[in-house]
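Peer 1: With the input below, show me the fold.
(2 chains)
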Protein chains: 2
Amino acid sequence: MHNSKPHPFDPLTPVEITQAAKIVQDELPGALPNFRVITLQEPPKNEMLHFLEQEDHGQSHASRPARKARVQVIIRTQSDSNEMVELIVNLDQAVVCKKDHLPGKHPYIDSAYMQAVESACRADPRIEAEIQKLKLPEGSTVVIEPWAYATDGMGDMTERTSMCWFYMRLSDNPDANYYAYPLDLCAEVSEQLQVTKIYHLPSSEDDRVSEDARPYDHNKVNSADLSEYHPSLRPPPRTSTKPYHVVQPQGPSFKTDGNLVSWEKWTMRVGFNYREGLTLHDIRYDDRSLFYRMSLSEMFVPYGDPRSPFPRKGAFDLGNDGAGINANNLRLGCDCLGVIKYFDGWHNTMTGEPVKLPNVVCCHEQDDGILWKHTNFRTQNAVVTRSRILVLQTIITVSNYEYIFAFHFGQDASIHYEVRATGILSTCPINIGDSVGYGTVVAPGVLAPYHQHLFSLRIDPSIDGMLNSLQVEESHALPIDNPAIHNPFRVGYTTSSEIIAEEGGLDLDFSKNRTFKIINENATNPITGTPVGFKLLPCYSQMLLAHPQSYHAKRSEFGSHAIWVTRYNDDELFPSGRHTMQSPGGEGISSVIQQRKEDPDSKTSVRNEDIVIWHTFGSTHNPRIEDWPVMPSEKMVVGLKPVNFFTGNPSLDVAVSTQERNRSVLV
Amino acid sequence: MHNSKPHPFDPLTPVEITQAAKIVQDELPGALPNFRVITLQEPPKNEMLHFLEQEDHGQSHASRPARKARVQVIIRTQSDSNEMVELIVNLDQAVVCKKDHLPGKHPYIDSAYMQAVESACRADPRIEAEIQKLKLPEGSTVVIEPWAYATDGMGDMTERTSMCWFYMRLSDNPDANYYAYPLDLCAEVSEQLQVTKIYHLPSSEDDRVSEDARPYDHNKVNSADLSEYHPSLRPPPRTSTKPYHVVQPQGPSFKTDGNLVSWEKWTMRVGFNYREGLTLHDIRYDDRSLFYRMSLSEMFVPYGDPRSPFPRKGAFDLGNDGAGINANNLRLGCDCLGVIKYFDGWHNTMTGEPVKLPNVVCCHEQDDGILWKHTNFRTQNAVVTRSRILVLQTIITVSNYEYIFAFHFGQDASIHYEVRATGILSTCPINIGDSVGYGTVVAPGVLAPYHQHLFSLRIDPSIDGMLNSLQVEESHALPIDNPAIHNPFRVGYTTSSEIIAEEGGLDLDFSKNRTFKIINENATNPITGTPVGFKLLPCYSQMLLAHPQSYHAKRSEFGSHAIWVTRYNDDELFPSGRHTMQSPGGEGISSVIQQRKEDPDSKTSVRNEDIVIWHTFGSTHNPRIEDWPVMPSEKMVVGLKPVNFFTGNPSLDVAVSTQERNRSVLV
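Peer 2: Okay, the predicted model is just below:
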């Protein structure tokens, strides 16, 4: 049963959060620290491997790694400005083992502060005067949405700056969709909550920011039918969709013991932190090691509108916002069907008390159609099995957008990572009748600018052990004119492959069937005679469109290649760096690789080493009007499949599908 | 209710099949025709459009197009050889309106004839002698699998030739997996059922066909655990998978009236024929016309092993085998869950009687996760809807392989076409310990050669009418050094697009976010100001690897480009030509386009015309051992989504997801 002592991969318990806060408070006497983060500092991998090996052998845990917390606080400095201090706390020994003052760095967005920004903006008489000049419809309410400032080189990068975008709610209903009414107003707010600039936004292709106020064009007021998504503001819904229940009379096929999930030969540990949200650890199939850790490691959403101040829209949804802190409280029967197990997360208040984030991860099963089938045409005997998948899902809200992140585990030892983008488009005003080359008019006066969503899935493999290699395989036609090559009928083809030697970024090419395999060169498949491996089924996506010399590119870095391979390092979890808020750039994955290449004491070889694979994927989202006023899910899927890892189909032993068992109904 | 007179899109009724056979019999007195095909000759589109318009207006059907049958028969000629005759029969007038003698052409594979080939081969004393020389394990049974001969330029292309591949069943069980025991023997059989050649197969990289018999290596005998998939030959299955029921207490959300399916604002007509299997006609959403016809139009499976006789393995699974004739009889509770409606197909016997093909298409609903969600972070009010999809599915068995073809209709007006490949790999012998550059050793002595599966999805659009265009859009960064282009922060990007003017083939490029839109330039979206359209979400796939000068390439043609656009012509349904059996090549989509370009009387413009889009996709299938002895489904998905077709999210009116309605259960 669930051990009372947390597993080394378990997130901090409420007791541990309190303990860490106390230790930090004692370390910083009189500082009244604002606790931004109290999270698990995961154990060093070398300690963990030793622990896992002992655990696997059922040994007592003599070498249990120390429980540690990573704590970020904001303190007031003597010069009366804010400074971030990051501390590593050893909870077992109740000591601070590391303390870094990080002047000029900012932790993730502080929602309490953002509310203060909003209030300060609203209270500023100049803003009030500008709002008056807009001559808004009677009964409307102005909504101010503060965003983190995406560095554009114009502002101060060391002091926190916020951008306030203005919208309007037409209705008294607080759930009215204010993104349907972007206003021609924008304000920049300083760390000290002073409005430092007020703009009017460009409203046509050649328009630029100005100080001139223009009254609101009342022709932009749309019918609720075109602009509202909330049921309280919509006509009654369609009634044609009949109920659909998933019934599991014998309960689920999975078991949980604390954060350990066991299902259909799979085992894994569920983790959760404020930044990445759901993380998975020590993923095994049939007790063979596959992945040490998997998580979404970053997400960047740059907007493509070149007109100032829109280049300041470029959101690091993990680094700036946090996939954990913004995880939805999932509701039974709404976010998934069937028999559901929820996991809670824990965060902390400003003063260091633990706060429960309820139901941030759900675990359930889904039917996934046919797993395998064959009909012997001689006997007409069909054998068919259905695919059951285990889903571990989390959903986040980042202002206007929602993202649904789900790991799908298959009985055939495949893993699929599915991302669904939904929610509401970010909008800005446009003159009625105008159009621009970098956005779609989704309602009269409403421009939904082009933008990209770039995700980085971090895959820390342990394919039959920690020493792995990345093999790139392509399929090529055999030449037809080389007498040394036998290809008389010109139909032959073969594969060529290369094992990547050095850290770096690589690109996809479906036209060559370019396949990325994570292999273990020390373990040979007894039948195929080739190294055991897993292959990546990538999500083919356009990379970052912003120019390499732009701040967007310098700050994100991972967006320039689809595949990155690096050596494993305990603290390298984030491909755009740990501190993305107003980051100046040059802290991402390619800079880290470059620094190692230039450092004679650093190793950069990735062949038969402990490696990490990072897959960049996403969408170039040039909005359709069908994405408005709320966007039907856009699915993106990345897969991992065994390739010559087993000695045959690992789902061969799944029971045949029968009506007796499945109870379908004939119309 | 269901009209007693068939709808013009309905497949032939049993009565009509009988009637067509009688008319053809009368036309060919004394010929004793072997009826290979009696299928609907779909009405000319110009007649159908007129009919559909009247139908739409509820008018009586004065202009109902004539019911016609397309009939293929084999007759004995005076020179005592077989000849195919193709006839078009007007059933309303009981006359033959067209009759073509097609010497040298062959209809699809005749399973009765293939059984005769098998028997002739087995009865041949030379074959018997060769089998003796193999010294097979006691109690084993030789299985002979005849294949159509994929033209390689060596044999006679006008007379039908069959290739017999030899396997062995180790067990008495007729469901034993004989593909696990490929034998070193191969025979060529003539139209006249004579064994014309006997080969021994190459068994290593440099080995070639020979006349020398080599005894079977008994070390190749594997344990059932590695080679058998049938439950009767396997240990008991895993018991960890608990039952999972889909319960629809109020029944399905779809309605059918004959072949008309209505569901969630969608309507469409289900068709079925021996060759394409499932076809869909007159697809509409909210009564707006979207697609006149959609179907899988061809599928080619070329093998990449260059050694003779393997270049003769290249299967047109539609043209040669038939997706309709090989459609599985789907079983309740096995092939799908929930409330299922089945459609039967009808085919004909050799003598022209109707034969029912039961349950060849199933229609059911599936839950598809979250359709859209938004949480207003200010009110914490979440609105979430679940996606229900309608599935129209058919499954075919082509010797060793299975394909699961399913159209998924979404409430957001999207269509996804999902292909799953499963079944058993085609195998050939290899010496134990050897390996080759174009196959995977999946069991000792068993080579699964590299091959491709190339599908052609034919999309006949009618986006708000028949005059459509293909627009190719790309996303490009704005230049940073052009003073005329405003891009001061180097982050801007825009789209460029081209409307295709002429028939031809096009390629995919995700690195430019190249997007293929089918638009109607005559219908402008009232809000976006752009033409209404649907965009293709392609399946990124490597194209045909066989050299353009190979017979594989000349015979398939569609495999050289991912997207083809052609003018609509009533009889252009098949991108490798109508008669693929032993086709010499030059009858496919690129040849047809080329011929029109060279013909001054032919039009080749495709802008604002009645056009057809063909999408080539598939997989370069270099087998994994995990595909053995039966392959976990490999999924390929193609999508179609509205793009500025509606005035907003068409699924905005889907009711919110609630626990009251969905009844999930907490663990």
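
Peer 1: for chain A, what helix or strand is lowest in average pLDDT?
Peer 2: Every helix and strand of chain A was ranked by mean pLDDT, DSSP states H and E. The lowest is helix A:224-227, at a mean of 90.

Peer 1: For the closest residue to A:Gly333 other than its chain neighbours, grab the count of nearby residues.
Peer 2: The shortest distance from A:Gly333 to any non-neighbouring residue, by Cβ to Cβ, 6 or more residues apart in numbering or on different chains, is to B:Gln659 (3.0 Å). C-beta coordinates here come from the backbone N, C-alpha and C atoms, glycine included. Neighbourhood size, B:Gln659 [other Cβ atoms under 10 Å in any protein chain shown]: 13.

Peer 1: quick one: contacts for B:Gln659?
Peer 2: A:331-334 (Cβ atoms under 8 Å, 6 or more residues apart in numbering or on different chains).

Peer 1: pLDDT wise, what is it at?
Peer 2: At B:Gln659, the model reports a pLDDT of 93.

Peer 1: would you list every one of the strands in the stretch 401-550 of chain A?
Peer 2: Secondary structure of the stretch 401-550 of chain A (DSSP state E, counting those that start in this stretch): strands at A:401-410, A:415-423, A:428-429, A:439-443, A:446-449, A:451-461, A:467-477, A:493-499, A:504-506, A:515-524, A:531-537.

Peer 1: can you put these in CSV and add distance to chain B?
Peer 2: Shown next, in CSV, are the strands of the stretch 401-550 of chain A (distance: least, Cβ to the nearest Cβ, whole Å):
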stretch, distance to chain B
strand A:401-410, 5
strand A:415-423, 5
strand A:428-429, 14
strand A:439-443, 5
strand A:446-449, 9
strand A:451-461, 8
strand A:467-477, 5
strand A:493-499, 4
strand A:504-506, 13
strand A:515-524, 8
strand A:531-537, 8
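
Peer 1: Mean neighbour count and mean pLDDT added to those strands, as CSV?
Peer 2: Formatted as CSV, the strands of the stretch 401-550 of chain A follow (neighbours: other Cβ atoms under 10 Å in any protein chain shown; pLDDT from 0 to 100):
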stretch, mean neighbour count, mean pLDDT
strand A:401-410, 23, 98
strand A:415-423, 23, 98
strand A:428-429, 25, 97
strand A:439-443, 26, 97
strand A:446-449, 26, 98
strand A:451-461, 25, 98
strand A:467-477, 21, 98
strand A:493-499, 16, 98
strand A:504-506, 18, 98
strand A:515-524, 20, 98
strand A:531-537, 23, 98
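
Peer 1: So for B:Glu188, which of those strands sits nearest?
Peer 2: B:Glu188 lies closest, by Cβ to Cβ, to one member of the strands of the stretch 401-550 of chain A: strand A:493-499, at 24.4 Å.

Peer 1: hmm, who's touching that closest one?
Peer 2: A:469-478, A:519, A:521, A:607, B:304, B:437-438, B:450, B:545-546, B:622.

Peer 1: Could you measure from the nearest residue to A:His408 once chain neighbours are set aside over to A:Ala546?
Peer 2: Spatial nearest neighbour of A:His408, chain neighbours left out: A:His416 (4.2 Å); criterion: Cβ to Cβ, 6+ apart. Note on A:His416: its distance to A:Ala546, by Cβ to Cβ, to the nearest Å, is 29 Å.

Peer 1: Roughly how far does A:Lys45 sit from A:Val612?
Peer 2: For A:Lys45, the distance to A:Val612 - Cβ to Cβ - is 11 Å.

Peer 1: State the helix or strand in which the residue in the stretch 151-300 of chain A that chain B sits nearest to lies.
Peer 2: Residue of the stretch 151-300 of chain A nearest chain B, by Cβ to the nearest Cβ: A:Pro237 (3.9 Å). Using DSSP states H and E, A:Pro237 sits within no helix or strand.

Peer 1: Would you tell me which residues of the stretch 51-200 of chain A are close to chain B?
Peer 2: Proximity of the stretch 51-200 of chain A to chain B, by Cβ under 8 Å from any Cβ of the partner chain, involves residues A:143, A:152-153, A:174-175.

Peer 1: Drop anything exposed from those.
Peer 2: A:143, A:152, A:175 (16 or more other Cβ atoms under 10 Å in any protein chain shown).

Peer 1: Nearest to A:Pro488, out of those residues: which one, please.
Peer 2: A:Asp152 (61.6 Å).

Peer 1: Help me confirm that that closest one comes into contact with A:Phe310.
Peer 2: No. Counting by Cβ atoms under 8 Å, A:Asp152 sits too far from A:Phe310 to count as a contact (9.5 Å).

Peer 1: Distance check, the residue lying closest to A:Met84 once chain neighbours are set aside against A:Leu12.
Peer 2: Leaving aside its chain neighbours, A:Met84 sits nearest to A:Leu102 (4.6 Å; criterion: Cβ to Cβ, 6+ apart). As judged by Cβ to Cβ, A:Leu102 and A:Leu12 stand 21 Å apart.

Peer 1: Those two: who's more crowded?
Peer 2: Higher neighbour count among A:Leu102 and A:Leu12: A:Leu12, with 25 against 14, using other Cβ under 10 Å.

Peer 1: That one sits in which helix or strand?
Peer 2: Judged by DSSP H and E, A:Leu12 forms part of no helix or strand.

Peer 1: and the longest strand for chain A?
Peer 2: The longest strand of chain A (DSSP state E) is strand A:354-376.

Peer 1: That one near chain B at all?
Peer 2: Yes. Contact of strand A:354-376 with chain B (Cβ under 8 Å from any Cβ) involves A:365, A:367, A:369-376.

Peer 1: Now find how far off-centre that strand is within its chain.
Peer 2: From the chain centre to the centre of strand A:354-376 is a distance of 19 Å (Cα atoms, centre = their mean, to the nearest Å).

Peer 1: For the following helix or strand past that strand, enumerate the helices and strands it packs against.
Peer 2: Next in sequence after strand A:354-376, counting helices and strands by DSSP H and E, comes strand A:381-398. On a contact count with 3 or more Cβ pairs under 8 Å, 6 or more residues apart in numbering or on different chains; DSSP states H and E, strand A:381-398 meets strand A:260-263, strand A:277-285, strand A:354-376, strand A:401-410, strand B:354-376.

Peer 1: Going by neighbour count, list what's buried in strand A:381-398.
Peer 2: Across strand A:381-398, burial judged by 16+ other Cβ under 10 Å covers A:382-398.

Peer 1: got it, and stretch A:244-253?
Peer 2: A:244-248, A:252-253.

Peer 1: of those, list those near chain B.
Peer 2: Within those, those near chain B by Cβ under 8 Å from any Cβ are A:244-248, A:252-253.
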